[in-house]
Each structure stands twice: as structure tokens, then as C-alpha cells.
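just the structure for this:
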Amino acid sequence: MSLSTSNEGTVAMHWFRKGLRLHDNPALLHALSLANDTDGRQGLVYPVYVVDPNCYALIKCSVLRARFLLECIRDLDNSLRNRGSRLYVATGDPRKVLPKLWEQWGVTHMTHEADETGEPYAVERDAAIRDVAKEAGVEIVDFAMETLRPLGNVPGGYVANVGGLAANVPGTMSSFQKLLSRIDGGNIPLPLDAPQKEDFPHMSDATEDGEYLPLEHPWDIPWPRGHEKSAIGPIWNRKDCMDSSLAPIAKGGETKALQRLQKSVSERPNWTASFEKPKTSCTEVSSPSTTALSPYLSIGCLSPRTAWHAVANANKRASSKTNKSKPPVSLHGQLLWRDFNNLIAHSANAQHPGSWGRMQDNPYCRKVPWSSDPKLLGAWKEGKTGYPWIDACMAQLRTEGWIHHLGRHAVACFLTRGDLWQSWEEGADHFEGLLLDADYALNNFNWLWLSCSGFFYQYFRCYSPVAFQKKNDPNGDYIRKWVPELASLPAKYIYEPWKANIGVLTKAGVKLGKGGNYPRPIVDHAIVSKENMSKMSLAYDMYREKEAVAKKSDKKAASLKSAKFPPKKKAKRQTKLM
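The predicted structure follows:
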């Protein structure tokens, strides 16, 4: 069915991708302006979302994140219907789906948010769509809207303010803050208002059309194209989708995002103004000690600029007696970290396409010879390490799709440089599948940092899987919630059940080891942590030697290039046999 057969005005499509919101959406507003600026002729706007199983959000995702995404889509559809429009939801490969819709509806223009990080699949997809759009005569306009400021070499962009070269971006948070302060004095542009009902062109049967409706269930999402089960994960089925034990930290949608922003930030000015991320608790068992807005930011239900100015307004209303925090630990600081991470991903991929998220060719990653032990990796993923604090964090990740940042620090350190000596790439891949707030730029940056492969190099500072949280939660309430088989242990042994005698264990209903209900530690932290520090020290020495050789080689090459040599003499031609 086509609603545009008798229409002579502009027919615009807005392709929702990660920016699943109406507020602060310049790409959507531009599509509306195209349809409303046609010399009196009635234009049309088709808001579209393509459920693409190969995109970053779905290629590796849990039931929780699939459900979260579908909730976001349904909420967006409801918001559009309240404005006399609707969301057209298709499934499949956008490179094939979109051209069919352009032809069906007579689309002349398409808008969408830009992917500035250089995520490999997005780059390949967008290049192909630009090619088919050119053939179809469809004009595409994209807008940078994932970060506080554009990342690239465009007006107001970060790269534009470091000489236009992505390799020149700052590599530390402090230098990034200085860069930001140079751009319009550090001011962040105000967010744009959401369009109202009168902004949408009248489409008589748009809301009644029974085609292209949002998917109802995660199992309706098609299988990724060209991938075997072994290449993607997590793998789940309809039964898994019905698991009542899954309890996500957040429900999806722009409506929920703005409500949480209001309750966690705007309604708590003193808390907001004094917020310091390192001082928040990672062992809360009832509600998170942070805003828990990250899932909404990662999928674009919440604009970072909207969040920034909500924090700014709350700070202004805080009591004069409040000890106000500053970046990088403040709430504004958390949004700056987010932009910094995105900028680094942009830079890495600009220098070596597709290098972000892997060790090979990544200009920000030190090469470390990690081991590969499927049993150790599997125990970590399943929360069967024998260290209750680590296992509790992994259980929360599976159940809620979220862990406090200090919990993420602990399990990442444990997997990599702290205890198991497994590659950060494996950890990042696992998090990418389970986190509600999985983010291509942020997830990989955090794993580089926590494994001491990039940005943070104090490898001798190692998180203890026992002592790290013992001082903050001495009774082990967090462990008791997430590792219920240990719930009856005395506080003295809750972090170290292997130290309890058989009588204490039996009374608590705990049996350790093979045939028991909780494993013994898979490694001895006291021993392996020291061994791993020596390994990391050696890896760093090898890295420095390699860098020194490379610099010496580059210096020699530059010297040879600049040196002046006498002109070569012409060789005499041989005129007779010798």
C-alpha cells in the first residue's frame, strides 16, 4: 500500500537507528521540515525502523536486550501515534528493505543519525545504502547526534579542533577536557524540542495501517544473516524468553528514559550536584546507587545533551551548602567520559578501519600475550569461579543486564591481568552480549583500561576478589542475593567459603567442589596475581623495546629522506664483450 500516489510534495523518510527518540532529534526535524516546506504542496514523512539482526545492537544480544530494544520501538511508535503519525517497522537487511520502501512510497529524501565511531558493520551498511540511494535518486542527509558534540572534522567537531586529523585527538581525559573547553568555551548546545502533532504532515490512514507493525516478542527477530551459531551469542529460544527470573535494571523507551532522568537527576538537585562516581556503592541490593541511565543513552532513547542540561539545571537549584563535585567524577564528568570514549573509537577506526574492539592494529592497545583457556573463561562467564564477589557480579549481569561500574572493574581485572590471564577481547565480547547498555565505543574502552592494555597502565594496582568489597559490604548482602547457595554462611566466611570448616559449611547447606553446590576457587589469587604482574611487566618491557626500535627506524627513514645526496653518475654503456 502507498499513501503517496496522489501526492506531489516531498516524500521524506526518517530512518531511526540508534536515536530512538523524538526529543533532540535533528534528523527527524529535518525530515519534517522537508515535507512542510514544499510551496504549499502536501509532503509526507515516513518514520521507519528496520529490525536488522546483523546490527551491533542485535548480532550479539541477550533476551533482556532484545526485549529492551522492542520496548523502545513500541514506545516510539506510541509517541508517534499520539502525534498523528506512526512508526513503520520492517525486518531484514536495510540494504534491501529500504530501497523497496522508497519505491513503494515514492520517497525522495531520507534522514538518519550519523554513525561517527566507525563501527565496521555500520560503515559497510551505510556505504552500500548511499550507493543504492544514488541510483534510486533518493537524497540522504545524516546528522551527528550520539554525543555532546560531533566527533569528526566538521564545524564544532572535536577532530576539527585538533587540526582535522583523527590521529591528533587527545589520549587522556584531562587533555580531552581542555579540548572541549576550547570549543565555544566548553558550552554544550541546548537540546532540540520534540516535534508536536502539528509538525507532522497529515496522513489520513497512517495510524490505521495494519502493515509494518512493531514486533511483539524477541523470538520474532530474524536470525542474523550469514552467521553460524558458533559465531554469535548468546543463543536463546522462546523458552528462554519466558524465563521469569530475568529482571532487567530498566524498561525500554524514551518515555521511561525521561521519567528516570526526572526522578534520578532533576528531582534530586543536592544529590546530583554532589555526585561522585567512585563513591557510589556497587553492593546495593534494592536499587542502583547511580542514575542507571546508561541503557537509554546507549540506544539513543535519551539525548546526551538533554541529560547534560538536566544536570546543569539541577546543579543550579542545589543548596549553597552542597559540596559540588566536578568532572571527571561528577555526573557531567560521566557524559564527558562518554564523548571521550566515542572520540577514541572514531580515532582508532579512522587510522585503522575496524581496529577498535580488537588488539590487532589498534593504535590505542598494547599487545599483551594473553593465554586462552576455555575452562577458565567458561567458569568466569557462568559465575563459577569460586570467588563469591566475582560470581555475584556475573549473576547480576545475567539477570539484570547491568552491573555497577566497580563490579565491572572487579570482574574485568579478574578475567585479565588480575587472575585468569585471559584476553580482554573475550571479556568485551561477553559483556557486549549481555549488557543492556552495551556500547561499541564505551565497552571496548573500558576493557582496554581495566586490562591495562590502554589508557591505564598501573598494572600493579590489582582488585582483590575478596578484600575489595569486604570493607563496603561486610555482611555480604550483595553476595547473599546473587549467590543464594551461600546465603546462610556466617559473614566471616561469605567472601571466602573455602576457609570455613565442614561443620560451618554443612550447617549453611554448602558443599564445596565436585558434586557440591558451589565450586572451590579455580585459581589462588595470592599466587596468580603476583605471577601476572610479572607477566605484565615483561609485556610492557617488550612493548617499550618495540616502540623504541620503531621510533629509531622512523627517525632514520626521515633522516635519509631529508638528506642531500650527490647526483648519481650515469653508468657507461657496455659496447664490447669483455
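
W308 touches H332, doesn't it?
Yes: in this structure, W308 is within contact of H332 by CB atoms under 8 Å, at 6.7 Å. In this view, the C-beta of every residue, glycine as well, is placed from N, C-alpha and C.

joint contacts of those two?
Residues touching both W308 and H332 (CB atoms under 8 Å, 6 or more residues apart in numbering): there are none.

and H112, what helix or strand is that in?
Taking DSSP states H and E as the definition, one finds H112 inside strand 109-113.

give me the sheet partners of that strand and which way each runs.
strand 11-16 (parallel), strand 139-143 (parallel) (DSSP bridges).

could you list every helix and strand that the very next helix or strand once past the longest one packs against?
Put plainly, it is strand 11-16. Using DSSP H and E, the helix or strand that follows strand 11-16 in sequence is helix 26-35. Here helix 26-35 touches strand 11-16, strand 44-51, strand 109-113, strand 139-143, going by 3 or more CB pairs under 8 Å, 6 or more residues apart in numbering; DSSP states H and E.

quick check: which of those strands is nearest to H409?
strand 109-113 (30.7 Å; CB to CB).

what's the angle from that closest one to helix 26-35?
With axes from the mean of the first three to the mean of the last three CA atoms, to 10 degrees applied, the angle from strand 109-113 to helix 26-35 works out at 160 degrees.

so who does the closest residue to W424 other than its chain neighbours touch?
Spatial nearest neighbour of W424, excluding adjacent residues (CB to CB, 6 or more residues apart in numbering): S451 at 3.8 Å. Neighbour list for S451: 368, 412-413, 416-417, 424, 427 [criterion: CB under 8 Å, 6+ apart].

one step back: as a markdown table, the helices and strands packed on helix 26-35 with distance to G476 would be great.
Converted to a markdown table, the helices and strands packed on helix 26-35 look like this (distance: least, CB to CB, whole Å):
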| stretch | distance to G476 |
| --- | --- |
| strand 11-16 | 44 |
| strand 44-51 | 42 |
| strand 109-113 | 44 |
| strand 139-143 | 49 |
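
and those as a markdown table, adding mean pLDDT, distance to S289 and mean neighbour count?
A markdown table is the format used below for these (pLDDT from 0 to 100; distance: least, CB to CB, whole Å; neighbours: other CB atoms under 10 Å):
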| stretch | mean pLDDT | distance to S289 | mean neighbour count |
| --- | --- | --- | --- |
| strand 11-16 | 97 | 32 | 25 |
| strand 44-51 | 97 | 33 | 24 |
| strand 109-113 | 98 | 31 | 23 |
| strand 139-143 | 97 | 35 | 16 |
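
to Y493, which of those strands lies closest?
Nearest to Y493, of these and by CB to CB, is strand 44-51 at 48.2 Å.

mind listing the strands the closest one pairs with, and their directions?
Partners of strand 44-51 in its sheet, by DSSP bridges: strand 11-16 (parallel), strand 88-91 (parallel).

three-state assignment of F455?
coil (DSSP: H, G, I helix; E, B strand; the rest coil).

follow-up on the earlier one: save the strands paired with strand 109-113 as CSV, and put in distance to L213 too.
Below are the strands paired with strand 109-113 laid out as CSV (distance: least, CB to CB, whole Å):
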stretch, distance to L213
strand 11-16, 15
strand 139-143, 26
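
against which helices or strands is the helix or strand hosting H409 packed?
Using DSSP H and E, the element containing H409 is helix 405-413. Using 3+ CB pairs under 8 Å, 6+ apart as the contact test, the elements touching helix 405-413 are helix 388-400, helix 424-434, helix 440-450, helix 467-470.

for N349, which of these is the nearest?
helix 440-450 (9.8 Å).

hmm, who's touching the closest one?
Around helix 440-450, the neighbours that count as contacts under CB under 8 Å, 6+ apart are 56, 117, 119, 298, 338, 341-342, 344-346, 356-357, 364-365, 408-409, 412-413, 416, 424-425, 427-428, 431-432, 435, 453-456.

report the buried residues of the helix or strand of the chain at the bottom of the mean pLDDT ranking.
In the chain, no helix or strand scores lower on mean pLDDT, DSSP states H and E than helix 525-562, which sits at a mean of 83. By 16 or more other CB atoms under 10 Å, the buried positions in helix 525-562 come out as 525, 528-529, 532-533, 535-536, 539.

what of stretch 350-365?
Going by 16+ other CB under 10 Å, stretch 350-365 has these buried residues: 350-351, 354-359, 362-365.

now do the same end-to-end measure for that stretch.
15 Å (CA to CA, to the nearest Å).

got the contact list for that stretch?
Stretch 350-365 is contacted from outside by 117-120, 123, 166-167, 171, 344-345, 347-349, 367-368, 423-425, 428, 440-441, 444, 448, 453-455, using CB under 8 Å, 6+ apart.

what values do phi and psi take at the residue lying closest to S423 once chain neighbours are set aside?
In space, and not counting its chain neighbours, S423 is closest to W370: 3.9 Å by CB to CB, 6+ apart. Dihedral pair for W370: phi -70, psi 160, per degrees, to the nearest 10.

tell me which residues touch W370, please.
Applying CB under 8 Å, 6+ apart, the residues contacting W370 are 416, 421-424.

kindly supply the ChimeraX command isolating those of the contacts of helix 440-450 that are buried.
Restricted to buried positions by 16+ other CB under 10 Å, the ChimeraX selection for the contacts of helix 440-450 reads:
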select :56,117,119,298,338,341,342,344,345,346,356,357,364,365,408,409,412,413,416,424,425,427,428,431,432,435,453,454,455
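
so Y88 bridges to which residues?
V48.

mind checking pLDDT for T283?
Looking at T283, its pLDDT stands at 86.

SS state for it?
What three-state DSSP gives for T283 is coil.

same deal with R520?
R520 is classified as coil under three-state DSSP.

for the remainder of this discussion, apply numbering that starts at 35.
From this message on, residue numbering opens at 35, which makes the last subject R554.

and it, how many neighbours does it have?
12 (other CB atoms under 10 Å).

same deal with N221?
9.

and what of L213?
Counted with other CB under 10 Å, L213 comes out at 19.

show me the contacts for it.
192, 195-196, 203-204.

how close does the nearest residue to P252 once chain neighbours are set aside get to N271?
Distances taken as CB to CB, 6+ apart place A100 nearest to P252, at 3.8 Å, with adjacent residues excluded. A100 sits 12 Å away from N271, going by CB to CB, to the nearest Å.

which one of those two has more residues nearby?
Taking neighbours as other CB under 10 Å, A100 and N271 compare with A100 leading, 23 against 10.
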